[in-house]
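Participant: the sequence isn't on hand, but the structure is:
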Ligand code: LLP
(Lines give C-alpha, C1' and ligand atoms only; values in the text may rest on other atoms or scores of the structure.)
Protein backbone atom coordinates (compact mmCIF):
# COMPACT_ATOMS: atom_id res chain seq x y z
CA UNK A 1 0.00 0.00 0.00
CA UNK A 2 1.26 3.44 -0.94
CA UNK A 3 1.87 5.86 1.94
CA UNK A 4 -0.73 8.28 0.54
CA UNK A 5 -3.96 6.50 -0.26
CA UNK A 6 -7.69 6.86 0.02
CA UNK A 7 -9.33 4.77 2.67
CA UNK A 8 -12.82 3.21 2.54
CA UNK A 9 -14.24 6.42 4.06
CA UNK A 10 -13.17 8.38 0.97
CA UNK A 11 -10.59 10.47 2.84
CA UNK A 12 -6.93 10.67 1.87
CA UNK A 13 -4.49 9.32 4.47
CA UNK A 14 -0.76 9.67 4.95
CA UNK A 15 0.02 6.35 6.60
CA UNK A 16 -2.70 6.24 9.32
CA UNK A 17 -3.20 9.98 9.55
CA UNK A 18 -6.04 11.79 7.80
CA UNK A 19 -4.54 14.56 5.66
CA UNK A 20 -7.63 16.63 6.52
CA UNK A 21 -6.65 16.41 10.21
CA UNK A 22 -3.14 17.60 9.44
CA UNK A 23 -4.64 20.55 7.58
CA UNK A 24 -6.63 21.51 10.64
CA UNK A 25 -3.58 21.19 12.88
CA UNK A 26 -0.89 23.08 11.00
CA UNK A 27 -0.10 26.76 11.18
CA UNK A 28 0.01 27.71 7.50
CA UNK A 29 -1.11 26.50 4.12
CA UNK A 30 -0.10 25.28 1.66
CA UNK A 31 2.46 22.85 3.06
CA UNK A 32 4.48 19.78 2.19
CA UNK A 33 3.64 16.53 4.01
CA UNK A 34 5.96 13.50 3.99
CA UNK A 35 5.82 9.93 5.21
CA UNK A 36 9.04 9.19 7.08
CA UNK A 37 8.36 5.48 6.80
CA UNK A 38 8.14 5.68 3.01
CA UNK A 39 11.58 7.31 2.88
CA UNK A 40 12.96 4.38 4.87
CA UNK A 41 11.20 1.90 2.59
CA UNK A 42 12.63 3.52 -0.54
CA UNK A 43 16.17 3.31 0.82
CA UNK A 44 15.61 -0.30 1.86
CA UNK A 45 14.51 -1.13 -1.69
CA UNK A 46 17.86 0.13 -3.01
CA UNK A 47 19.80 -1.64 -0.26
CA UNK A 48 18.09 -4.94 -1.00
CA UNK A 49 18.70 -4.48 -4.72
CA UNK A 50 22.41 -3.91 -4.03
CA UNK A 51 23.00 -7.01 -1.89
CA UNK A 52 26.13 -8.79 -3.13
CA UNK A 53 27.67 -5.65 -4.60
CA UNK A 54 30.18 -3.31 -3.01
CA UNK A 55 28.22 -0.07 -3.37
CA UNK A 56 27.45 3.49 -2.32
CA UNK A 57 23.97 5.01 -2.51
CA UNK A 58 24.76 8.67 -3.16
CA UNK A 59 21.51 10.52 -2.57
CA UNK A 60 21.25 13.52 -4.93
CA UNK A 61 20.68 16.37 -2.47
CA UNK A 62 19.35 18.69 -5.19
CA UNK A 63 16.14 16.63 -5.23
CA UNK A 64 15.31 17.62 -1.67
CA UNK A 65 17.61 19.42 0.75
CA UNK A 66 15.55 19.34 3.94
CA UNK A 67 18.11 18.90 6.73
CA UNK A 68 15.88 16.54 8.75
CA UNK A 69 15.38 14.35 5.68
CA UNK A 70 19.12 14.39 4.99
CA UNK A 71 19.87 13.31 8.56
CA UNK A 72 17.39 10.48 8.20
CA UNK A 73 18.92 9.33 4.89
CA UNK A 74 22.40 9.52 6.39
CA UNK A 75 21.20 7.44 9.34
CA UNK A 76 20.02 4.81 6.87
CA UNK A 77 23.55 4.60 5.44
CA UNK A 78 23.29 6.80 2.36
CA UNK A 79 26.08 8.91 0.96
CA UNK A 80 25.38 12.14 -0.91
CA UNK A 81 25.79 13.71 -4.32
CA UNK A 82 26.50 17.44 -4.24
CA UNK A 83 26.46 20.12 -6.89
CA UNK A 84 27.44 23.24 -4.95
CA UNK A 85 29.54 24.33 -2.02
CA UNK A 86 26.41 24.85 0.04
CA UNK A 87 25.12 21.36 -0.71
CA UNK A 88 28.52 20.11 0.45
CA UNK A 89 28.29 22.18 3.65
CA UNK A 90 24.79 20.90 4.29
CA UNK A 91 25.85 17.30 3.72
CA UNK A 92 28.66 17.74 6.26
CA UNK A 93 26.22 19.35 8.68
CA UNK A 94 23.88 16.37 8.27
CA UNK A 95 26.80 14.12 9.17
CA UNK A 96 27.36 12.36 5.85
CA UNK A 97 30.63 10.43 5.60
CA UNK A 98 32.77 12.50 3.19
CA UNK A 99 34.15 9.33 1.64
CA UNK A 100 30.59 8.54 0.55
CA UNK A 101 30.11 11.97 -1.02
CA UNK A 102 30.61 12.89 -4.66
CA UNK A 103 30.93 16.48 -5.86
CA UNK A 104 29.45 16.84 -9.34
CA UNK A 105 28.90 19.68 -11.73
CA UNK A 106 29.95 21.45 -14.90
CA UNK A 107 30.72 24.76 -13.21
CA UNK A 108 32.23 23.94 -9.84
CA UNK A 109 33.89 26.97 -8.26
CA UNK A 110 37.52 26.92 -7.10
CA UNK A 111 36.58 27.88 -3.54
CA UNK A 112 34.07 25.02 -3.36
CA UNK A 113 36.62 22.59 -4.81
CA UNK A 114 39.05 23.64 -2.07
CA UNK A 115 36.46 22.73 0.55
CA UNK A 116 35.83 19.41 -1.23
CA UNK A 117 39.58 18.71 -1.26
CA UNK A 118 39.92 19.59 2.44
CA UNK A 119 37.01 17.32 3.37
CA UNK A 120 38.16 14.41 1.21
CA UNK A 121 35.03 13.99 -0.90
CA UNK A 122 35.21 12.41 -4.36
CA UNK A 123 35.19 14.92 -7.20
CA UNK A 124 33.92 14.34 -10.73
CA UNK A 125 36.02 15.88 -13.49
CA UNK A 126 33.75 17.60 -16.00
CA UNK A 127 36.00 19.55 -18.40
CA UNK A 128 39.53 20.78 -19.08
CA UNK A 129 39.07 23.92 -16.98
CA UNK A 130 37.43 21.89 -14.23
CA UNK A 131 40.47 19.60 -14.05
CA UNK A 132 42.65 22.67 -13.86
CA UNK A 133 40.64 24.00 -10.91
CA UNK A 134 40.72 20.64 -9.14
CA UNK A 135 44.52 20.59 -9.41
CA UNK A 136 44.65 24.14 -8.02
CA UNK A 137 42.28 23.20 -5.19
CA UNK A 138 44.43 20.19 -4.30
CA UNK A 139 47.46 22.45 -4.02
CA UNK A 140 45.66 25.04 -1.91
CA UNK A 141 44.24 22.38 0.41
CA UNK A 142 47.50 20.44 0.47
CA UNK A 143 45.52 17.26 -0.19
CA UNK A 144 45.38 14.73 -2.99
CA UNK A 145 41.89 14.59 -4.51
CA UNK A 146 40.13 11.36 -5.47
CA UNK A 147 38.61 12.00 -8.88
CA UNK A 148 36.24 10.25 -11.25
CA UNK A 149 36.03 11.18 -14.93
CA UNK A 150 32.50 12.15 -15.86
CA UNK A 151 32.13 10.64 -19.30
CA UNK A 152 29.38 11.76 -21.61
CA UNK A 153 28.41 8.43 -23.14
CA UNK A 154 26.01 9.80 -25.78
CA UNK A 155 23.09 7.60 -24.75
CA UNK A 156 19.59 8.96 -25.34
CA UNK A 157 17.58 8.59 -22.12
CA UNK A 158 14.26 9.22 -23.94
CA UNK A 159 13.06 11.92 -21.56
CA UNK A 160 12.16 15.63 -21.65
CA UNK A 161 15.14 17.50 -23.20
CA UNK A 162 15.54 19.66 -20.07
CA UNK A 163 16.36 16.58 -17.98
CA UNK A 164 18.51 14.69 -20.52
CA UNK A 165 22.20 15.05 -19.68
CA UNK A 166 24.19 12.22 -21.29
CA UNK A 167 23.79 12.98 -24.99
CA UNK A 168 26.74 14.27 -26.94
CA UNK A 169 25.63 17.89 -27.29
CA UNK A 170 24.86 18.33 -23.59
CA UNK A 171 26.94 20.64 -21.40
CA UNK A 172 27.91 17.82 -19.04
CA UNK A 173 30.97 15.61 -18.90
CA UNK A 174 33.75 14.85 -21.34
CA UNK A 175 33.48 13.17 -24.73
CA UNK A 176 35.40 9.99 -25.42
CA UNK A 177 37.61 11.55 -28.09
CA UNK A 178 39.14 13.63 -25.29
CA UNK A 179 39.59 10.75 -22.86
CA UNK A 180 43.30 10.30 -23.62
CA UNK A 181 44.02 13.97 -22.95
CA UNK A 182 42.41 13.66 -19.51
CA UNK A 183 44.28 10.46 -18.69
CA UNK A 184 47.59 12.08 -19.64
CA UNK A 185 46.79 15.15 -17.56
CA UNK A 186 45.89 13.09 -14.51
CA UNK A 187 49.08 11.08 -14.95
CA UNK A 188 51.08 14.31 -15.04
CA UNK A 189 49.74 15.35 -11.60
CA UNK A 190 50.38 12.43 -9.24
CA UNK A 191 50.71 14.72 -6.20
CA UNK A 192 47.33 16.35 -6.75
CA UNK A 193 45.09 13.68 -8.26
CA UNK A 194 44.20 10.06 -7.79
CA UNK A 195 41.92 8.65 -10.47
CA UNK A 196 39.51 6.26 -8.74
CA UNK A 197 36.74 5.72 -11.28
CA UNK A 198 34.43 6.79 -14.05
CA UNK A 199 31.02 8.40 -13.87
CA UNK A 200 28.09 9.00 -16.15
CA UNK A 201 24.61 10.38 -15.60
CA UNK A 202 22.15 9.96 -18.44
CA UNK A 203 19.19 12.04 -17.38
CA UNK A 204 16.17 11.93 -15.13
CA UNK A 205 12.69 10.29 -15.15
CA UNK A 206 14.08 7.30 -17.08
CA UNK A 207 11.57 4.47 -17.30
CA UNK A 208 13.52 1.93 -19.40
CA UNK A 209 16.35 0.18 -17.58
CA UNK A 210 17.92 -1.04 -20.86
CA UNK A 211 19.19 2.51 -21.16
CA UNK A 212 21.29 2.05 -18.01
CA UNK A 213 22.61 -1.22 -19.37
CA UNK A 214 23.62 0.37 -22.68
CA UNK A 215 25.51 3.03 -20.74
CA UNK A 216 27.12 0.51 -18.38
CA UNK A 217 28.43 -1.50 -21.36
CA UNK A 218 30.11 1.63 -22.71
CA UNK A 219 31.37 2.61 -19.28
CA UNK A 220 33.07 -0.70 -18.42
CA UNK A 221 34.72 -0.49 -21.81
CA UNK A 222 36.13 2.91 -20.79
CA UNK A 223 37.20 1.42 -17.45
CA UNK A 224 39.09 -1.30 -19.36
CA UNK A 225 40.85 1.34 -21.45
CA UNK A 226 41.72 3.36 -18.33
CA UNK A 227 43.01 0.30 -16.47
CA UNK A 228 45.11 -0.74 -19.48
CA UNK A 229 47.07 2.45 -18.95
CA UNK A 230 48.04 1.44 -15.45
CA UNK A 231 45.39 3.32 -13.43
CA UNK A 232 43.91 1.42 -10.50
CA UNK A 233 40.30 2.52 -10.90
CA UNK A 234 37.74 0.75 -8.74
CA UNK A 235 34.54 2.77 -8.98
CA UNK A 236 31.84 2.81 -11.60
CA UNK A 237 29.28 5.54 -10.95
CA UNK A 238 26.21 5.13 -13.15
CA UNK A 239 24.45 8.26 -11.88
CA UNK A 240 20.80 8.57 -10.99
CA UNK A 241 17.71 9.01 -13.08
CA UNK A 242 15.26 6.22 -12.35
CA UNK A 243 11.70 7.43 -13.03
CA UNK A 244 8.61 6.93 -10.88
CA UNK A 245 4.90 6.36 -11.49
CA UNK A 246 3.74 9.99 -11.69
CA UNK A 247 0.58 9.01 -13.57
CA UNK A 248 -0.77 6.63 -10.91
CA UNK A 249 -2.15 4.38 -13.61
CA UNK A 250 -0.78 1.26 -11.97
CA UNK A 251 1.61 0.78 -14.90
CA UNK A 252 4.51 -1.47 -13.97
CA UNK A 253 7.68 0.58 -13.91
CA UNK A 254 11.22 -0.64 -13.34
CA UNK A 255 12.23 -0.89 -9.69
CA UNK A 256 15.64 -0.29 -8.13
CA UNK A 257 16.12 -4.04 -8.30
CA UNK A 258 15.47 -4.05 -12.06
CA UNK A 259 17.93 -1.21 -12.46
CA UNK A 260 20.71 -2.85 -10.44
CA UNK A 261 20.14 -6.24 -12.03
CA UNK A 262 20.73 -4.87 -15.52
CA UNK A 263 24.24 -3.77 -14.53
CA UNK A 264 25.11 -6.31 -11.81
CA UNK A 265 27.02 -8.83 -13.96
CA UNK A 266 29.01 -6.13 -15.71
CA UNK A 267 30.01 -4.57 -12.40
CA UNK A 268 31.02 -7.94 -10.93
CA UNK A 269 32.89 -8.97 -14.09
CA UNK A 270 35.29 -6.05 -13.62
CA UNK A 271 35.40 -6.30 -9.82
CA UNK A 272 34.08 -2.74 -9.47
CA UNK A 273 32.43 -0.83 -6.66
CA UNK A 274 29.15 0.62 -7.83
CA UNK A 275 28.04 4.16 -7.03
CA UNK A 276 24.47 5.15 -7.81
CA UNK A 277 23.03 8.65 -7.46
CA UNK A 278 19.26 8.40 -7.01
CA UNK A 279 17.27 11.50 -6.13
CA UNK A 280 13.71 11.26 -7.41
CA UNK A 281 13.30 7.51 -6.87
CA UNK A 282 14.26 7.86 -3.20
CA UNK A 283 12.14 10.84 -2.27
CA UNK A 284 9.46 11.85 -4.82
CA UNK A 285 6.68 9.46 -3.80
CA UNK A 286 7.09 10.14 -0.06
CA UNK A 287 5.34 13.51 -0.17
CA UNK A 288 2.20 15.41 -1.08
CA UNK A 289 1.90 19.16 -1.55
CA UNK A 290 -1.25 20.02 0.42
CA UNK A 291 -3.43 22.95 -0.65
CA UNK A 292 -6.80 24.47 0.03
CA UNK A 293 -9.30 25.40 -2.65
CA UNK A 294 -9.76 29.16 -2.76
CA UNK A 295 -12.57 29.00 -5.30
CA UNK A 296 -13.87 27.64 -8.57
CA UNK A 297 -14.46 29.69 -11.72
CA UNK A 298 -15.22 29.33 -15.42
CA UNK A 299 -13.88 31.44 -18.31
CA UNK A 300 -14.83 30.66 -21.89
CA UNK A 301 -14.71 26.90 -22.19
CA UNK A 302 -12.35 26.38 -19.23
CA UNK A 303 -13.16 25.48 -15.67
CA UNK A 304 -10.61 26.40 -13.04
CA UNK A 305 -9.98 25.24 -9.51
CA UNK A 306 -7.95 28.01 -7.85
CA UNK A 307 -5.84 26.82 -4.92
CA UNK A 308 -3.52 28.55 -2.47
CA UNK A 309 -0.41 26.78 -3.79
CA UNK A 310 1.19 27.78 -7.10
CA UNK A 311 4.14 27.58 -9.46
CA UNK A 312 6.13 29.40 -6.80
CA UNK A 313 6.04 26.39 -4.47
CA UNK A 314 5.90 23.69 -7.17
CA UNK A 315 7.17 24.58 -10.63
CA UNK A 316 7.54 21.21 -12.38
CA UNK A 317 4.22 21.38 -14.29
CA UNK A 318 4.98 24.91 -15.52
CA UNK A 319 8.62 24.27 -16.34
CA UNK A 320 8.54 20.81 -17.90
CA UNK A 321 4.86 20.29 -18.57
CA UNK A 322 5.25 17.57 -15.94
CA UNK A 323 2.23 15.57 -14.82
CA UNK A 324 1.74 15.16 -11.09
CA UNK A 325 -1.39 13.43 -9.91
CA UNK A 326 -3.98 15.62 -8.17
CA UNK A 327 -6.85 14.62 -5.91
CA UNK A 328 -9.10 16.01 -3.21
CA UNK A 329 -8.46 15.04 0.40
CA UNK A 330 -12.10 14.42 1.30
CA UNK A 331 -15.00 12.62 -0.41
CA UNK A 332 -17.22 14.93 -2.49
CA UNK A 333 -20.74 15.58 -1.23
CA UNK A 334 -23.08 13.08 -2.89
CA UNK A 335 -24.42 14.11 -6.27
CA UNK A 336 -21.55 16.42 -7.19
CA UNK A 337 -20.62 16.09 -10.86
CA UNK A 338 -17.17 15.38 -12.18
CA UNK A 339 -15.89 18.11 -14.51
CA UNK A 340 -12.69 18.89 -16.32
CA UNK A 341 -10.59 21.52 -14.56
CA UNK A 342 -7.27 23.27 -14.81
CA UNK A 343 -5.86 23.45 -11.31
CA UNK A 344 -4.19 26.84 -10.95
CA UNK A 345 -2.60 29.05 -8.31
CA UNK A 346 -2.90 32.77 -7.54
CA UNK A 347 0.37 33.81 -9.23
CA UNK A 348 0.07 36.51 -11.87
CA UNK A 349 0.88 34.60 -15.01
CA UNK A 350 -0.73 31.95 -17.14
CA UNK A 351 2.15 29.52 -16.64
CA UNK A 352 0.86 29.16 -13.10
CA UNK A 353 -0.81 25.77 -13.19
CA UNK A 354 -0.38 22.58 -11.19
CA UNK A 355 -2.45 20.43 -13.49
CA UNK A 356 -4.32 20.73 -16.78
CA UNK A 357 -7.56 19.04 -17.84
CA UNK A 358 -8.07 17.06 -14.66
CA UNK A 359 -11.31 15.19 -14.05
CA UNK A 360 -12.38 16.16 -10.54
CA UNK A 361 -15.57 16.61 -8.54
CA UNK A 362 -16.40 20.31 -8.12
CA UNK A 363 -14.83 21.09 -4.73
CA UNK A 364 -16.22 23.36 -2.02
CA UNK A 365 -14.26 26.43 -0.99
CA UNK A 366 -11.71 25.40 1.62
CA UNK A 367 -11.60 21.78 0.46
CA UNK A 368 -8.20 20.09 0.62
CA UNK A 369 -6.41 19.28 -2.64
CA UNK A 370 -3.08 17.49 -2.95
CA UNK A 371 -0.44 17.31 -5.64
CA UNK A 372 1.19 13.89 -5.35
CA UNK A 373 4.81 12.82 -5.71
CA UNK A 374 6.02 16.19 -4.54
CA UNK A 375 9.07 15.00 -2.60
CA UNK A 376 11.63 15.58 -5.37
CA UNK A 377 12.42 18.83 -7.18
CA UNK A 378 9.39 20.62 -5.73
CA UNK A 379 10.37 22.29 -2.45
CA UNK A 380 14.01 22.40 -3.59
CA UNK A 381 12.96 24.39 -6.68
CA UNK A 382 10.46 26.61 -4.85
CA UNK A 383 10.83 30.38 -5.09
CA UNK A 384 9.26 33.37 -3.39
CA UNK A 385 7.75 34.72 -6.62
CA UNK A 386 4.84 37.09 -5.91
CA UNK A 387 6.17 37.02 -2.34
CA UNK A 388 4.56 33.66 -1.76
CA UNK A 389 6.95 32.60 0.96
CA UNK A 390 8.27 29.04 0.95
CA UNK A 391 5.90 26.66 2.71
CA UNK A 392 6.58 24.67 5.88
CA UNK A 393 7.25 20.92 5.79
CA UNK A 394 5.93 18.17 8.06
CA UNK A 395 6.30 14.46 8.21
CA UNK A 396 4.30 11.68 9.76
CA UNK A 397 6.61 9.75 12.07
CA UNK A 398 6.63 5.96 12.36
CA UNK A 399 4.46 6.28 15.52
CA UNK A 400 1.85 8.33 13.66
CA UNK A 401 2.72 11.69 15.17
CA UNK A 402 2.96 14.77 12.98
CA UNK A 403 6.26 16.61 13.19
CA UNK A 404 7.32 19.88 11.66
CA UNK A 405 10.60 19.42 9.79
CA UNK A 406 10.94 22.91 8.33
CA UNK A 407 9.57 26.27 9.41
CA UNK A 408 7.44 28.34 7.07
CA UNK A 409 9.34 31.19 5.48
CA UNK A 410 7.90 34.53 6.60
CA UNK A 411 7.55 38.08 5.38
CA UNK A 412 10.06 39.03 8.10
CA UNK A 413 12.60 36.73 6.43
CA UNK A 414 12.20 38.80 3.28
CA UNK A 415 12.65 42.13 5.07
CA UNK A 416 15.86 40.84 6.65
CA UNK A 417 17.66 41.16 3.27
CA UNK A 418 17.26 44.94 3.49
CA UNK A 419 18.19 45.46 7.13
CA UNK A 420 20.75 48.18 7.62
CA UNK A 421 20.89 49.15 3.93
N1 LIG B 1 23.31 12.65 -10.52
C2 LIG B 1 23.48 13.72 -11.32
C3 LIG B 1 24.80 14.04 -11.84
C4 LIG B 1 22.36 14.51 -11.65
O5 LIG B 1 22.52 15.56 -12.45
C6 LIG B 1 21.07 14.19 -11.14
C7 LIG B 1 19.91 14.99 -11.46
C8 LIG B 1 20.97 13.06 -10.30
C9 LIG B 1 22.11 12.32 -10.02
C10 LIG B 1 19.66 12.63 -9.71
O11 LIG B 1 18.73 12.25 -10.69
P12 LIG B 1 17.33 11.60 -10.27
O13 LIG B 1 17.62 10.24 -9.69
O14 LIG B 1 16.70 12.48 -9.27
O15 LIG B 1 16.59 11.53 -11.53
N16 LIG B 1 14.40 19.34 -11.88
C17 LIG B 1 14.12 18.18 -12.72
C18 LIG B 1 15.14 17.09 -12.54
C19 LIG B 1 16.56 17.54 -12.77
C20 LIG B 1 17.56 16.42 -12.53
C21 LIG B 1 18.94 16.96 -12.49
N22 LIG B 1 19.95 15.99 -12.24
C23 LIG B 1 12.71 17.71 -12.44
O24 LIG B 1 12.02 18.34 -11.64
O25 LIG B 1 12.25 16.74 -13.03
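Facilitator: Cool, got the structure. Worth saying up front: this structure is predicted, and the values here are computed from it rather than measured. Residues are numbered from 1 along each chain as shown.

Participant: distance check, residue 134 against residue 20.
Facilitator: Using C-beta to C-beta, to the nearest Å, one gets 52 Å for the distance from residue 134 to residue 20. Any C-beta I mention is one placed from the backbone N, CA and C, and that applies to glycine too.

Participant: out of the two, which sits in the busier spot?
Facilitator: residue 134 (27 against 17; other C-beta atoms under 10 Å).

Participant: can you confirm the more buried one is in a helix?
Facilitator: Yes: note on residue 134: a helix contains this position according to DSSP: H, G, I helix; E, B strand; the rest coil.

Participant: who are the contact partners of it?
Facilitator: 113, 117, 123, 125, 145, 147, 192-193 (C-beta atoms under 8 Å, 6 or more residues apart in numbering).

Participant: from these, which two are the most distant?
Facilitator: Within those, 117 and 125 form the most distant pair, 13.1 Å apart (C-beta to C-beta).

Participant: per-residue pLDDT, the nearest residue to residue 383 once chain neighbours are set aside?
Facilitator: Among residues not flanking residue 383 along the chain, residue 312 sits closest, at 5.3 Å (C-beta to C-beta, 6 or more residues apart in numbering). pLDDT, residue 312: 98.

Participant: now residue 312, what's its secondary structure?
Facilitator: Going by three-state DSSP: residue 312 is coil.

Participant: my guess is it meets residue 381, correct?
Facilitator: No: using C-beta atoms under 8 Å, residue 312 makes no contact with residue 381, being 10.0 Å away.

Participant: between those two, which has more neighbouring residues?
Facilitator: Per other C-beta under 10 Å, whichever of residue 312 and residue 381 has more neighbours is residue 312, with 22 against 17.

Participant: now do the contacts for the more buried one.
Facilitator: Contacts of residue 312 by C-beta under 8 Å, 6+ apart are 345, 347, 382-386, 388.

Participant: what about 7 Å?
Facilitator: By C-beta atoms under 7 Å, 6 or more residues apart in numbering, the contact set of residue 312 is 347, 382-386, 388.

Participant: over to residue 270?
Facilitator: By C-beta under 7 Å, 6+ apart, the residues touching residue 270 are 220, 223.

Participant: go through the strand ranked longest in the chain and flag the buried ones.
Facilitator: The longest strand of the chain (DSSP state E) is strand 287-299. Neighbour counts over strand 287-299 (16 or more other C-beta atoms under 10 Å) mark 287-294, 296 as buried.

Participant: and what of stretch 244-262?
Facilitator: 244-246, 253-257, 259-260, 262.
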